[in-house]
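**Q** Build me a structure from this.
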Amino acid sequence: MLAYAGYVDSVVIIADRRDPAKWDKAEYFARRAVALDTNESKAHAALAWCLLFNRDLSQALAELETALNLNPSDPAIHMAMGTGLNQSGRAAEAIPYFQMAIRLSPRDAEIGRFYARR
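**A** Next up is the predicted model:
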């Protein structure tokens, strides 16, 4: 199922912010990935990114909490949680997640970029 979650990540990456139909497609596949393997953290994280885009913040945060419980050492999930909390107006709560993402992957420029945008 990890391969399917990887496919979902690809769909999320190429989804164009100006084309909600692509995000709907990405969400469909992310939900399918979660249904196929509820223990795959990347599937929950991919679904969370889709939900963040669609501004379903509470559900996105729930998916990210699940993803973190499944894989607490994934810096991308910590970054996503920081992003979700920040979008929810909870910037102070977001900071430790961004900091953990940076500690887990200190050379990842994308994590630093997300942290800087908070």
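
**Q** Now the element after the helix or strand bottoming out on mean pLDDT in the chain, going C-ward?
**A** One helix or strand of the chain scores below all others by mean pLDDT, DSSP states H and E: helix 2-14, with a mean of 58. Downstream of helix 2-14, the first helix or strand assigned by DSSP states H and E is helix 20-36.

**Q** what comes up buried for that next one?
**A** By neighbour count on 16 or more other CB atoms under 10 Å, the buried set for helix 20-36 is 22-23, 26-27, 29-31, 33-34. Using the backbone N, CA and C atoms, a C-beta is placed for each residue, glycine as well.

**Q** and that helix, average pLDDT?
**A** For helix 20-36, mean pLDDT is 85.

**Q** ok, then the element right after that helix?
**A** helix 41-53.

**Q** how big is the angle separating that next one from helix 20-36?
**A** Per axes from the mean of the first three to the mean of the last three CA atoms, to 10 degrees, the angle that helix 41-53 makes with helix 20-36 is 150 degrees.

**Q** Check the offset of helix 41-53 from the chain's centre.
**A** Chain-centre distance of helix 41-53: 4 Å, with CA atoms, centre = their mean, to the nearest Å.

**Q** when you give positions from now on, start the count at 13
**A** From this message on, residue numbering opens at 13, which makes the last subject helix 53-65.
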